[in-house]
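>>> Just a sequence and a predicted model for now, questions to come.
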Amino acid sequence: MRKAEEPPVDRPGEDADPESVARKILLDQLSVQARSRHELEERLARRDVPEEVATRLLDRFEEVGLVDDEAFARSWVDSRQRTRGLGRTALAVELRRKGIADETAKAVLAEVDPGDEEATARVLVQRKLRSMRGVDGQVAARRLVGMLARKGYSSGLAYAVVRQELALQDDSD
């Protein structure tokens, strides 16, 4: 049983060492999943960790490889492509929200294989087409291109994939 004067484990008392509190917050956050430096800075700021302590600890965590924005960005892009089928534009927006530097995001997004991106777009269109039986061709094309645009695919790729898949569907009917 905890004494009444003890601070709760997740809310340290005012006399707690800010560095040890910050270290615990960082380790807790990183034990759940990889995070960008920006996300961790925000978490520390929310918990009122002094900025100089946060900067010093994050620099140290980067030195030892516990915080690595480039590795985080690669992992994030891979995960979001696999699970949500996102295109480059949507991935770039998400990386920007995560606080990844533009140069890092561009480098990671340049590694995305255009063939894989097209294949993912094609799978998304094929999946959506199953629920669009009986819908007019122009309406279906507009809806499918809109879906791909919302997922961050370029308009050229979206129109090409949709046109090809609608033609294949017409041939099979």
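All right, it came through fine.
>>> What's the local residue count around the nearest residue to residue 86 once chain neighbours are set aside?
With C-beta to C-beta, 6 or more residues apart in numbering as the criterion, residue 86 has its nearest non-adjacent residue at 4.8 Å, and that residue is residue 80. Yep, even glycine has a C-beta here, placed from its N, CA and C like the rest. By the criterion of other C-beta atoms under 10 Å, residue 80 has 18 neighbours.
>>> could you say which helix or strand contains residue 80?
Per DSSP states H and E, residue 80 falls inside helix 69-84.
>>> after that helix, next one along is what?
Following helix 69-84 in sequence order, the next helix or strand is helix 88-97 (DSSP H and E).
>>> residues in contact with that next one?
When contacts are defined by C-beta atoms under 8 Å, 6 or more residues apart in numbering, helix 88-97 is touched by residues 73, 76-77, 80-81, 86, 102, 104-105, 108-109, 112, 117, 150-154.
>>> give me that answer again for 6 Å
Residues outside helix 88-97 that contact it (C-beta atoms under 6 Å, 6 or more residues apart in numbering) are 73, 77, 80, 105, 109, 151-152.
>>> Now do that helix, average pLDDT.
For helix 88-97, mean pLDDT is 96.
>>> element containing the closest residue to residue 66 other than its chain neighbours, please.
In this structure, residue 66 finds its nearest non-sequential neighbour in residue 30, 5.9 Å apart by C-beta to C-beta, 6+ apart. In this structure, residue 30 sits in helix 18-32 according to DSSP H and E.
>>> got the buried residues for that helix?
Of the residues in helix 18-32, 18, 21-23, 25-26, 29 count as buried by neighbour count, 16 or more other C-beta atoms under 10 Å.
>>> and if you look at stretch 113-130?
Residues of stretch 113-130 classed as buried by neighbour count (16+ other C-beta under 10 Å): 117-118, 120-122, 124-125, 128-129.
>>> measure residue 43 to residue 69 for me?
15 Å (C-beta to C-beta, to the nearest Å).
>>> meant to ask about residue 23, not that
Separation of residue 23 from residue 69 (C-beta to C-beta) stands at 20 Å.
>>> cool, residue 25 as well?
From residue 25 over to residue 69 (counting by C-beta to C-beta), the distance is 18 Å.
>>> and if you look at residue 98?
Taking C-beta to C-beta, one finds residue 98 at 9 Å from residue 69.
>>> just the buried residues of helix 18-32 now: which is nearest residue 61?
Checking those against residue 61 by C-beta to C-beta gives residue 26 as the nearest, at 6.2 Å.
>>> Residue 54 - how many residues pack around it?
The burial count for residue 54: 22, using other C-beta under 10 Å.
>>> Alright, that wraps it up for me.
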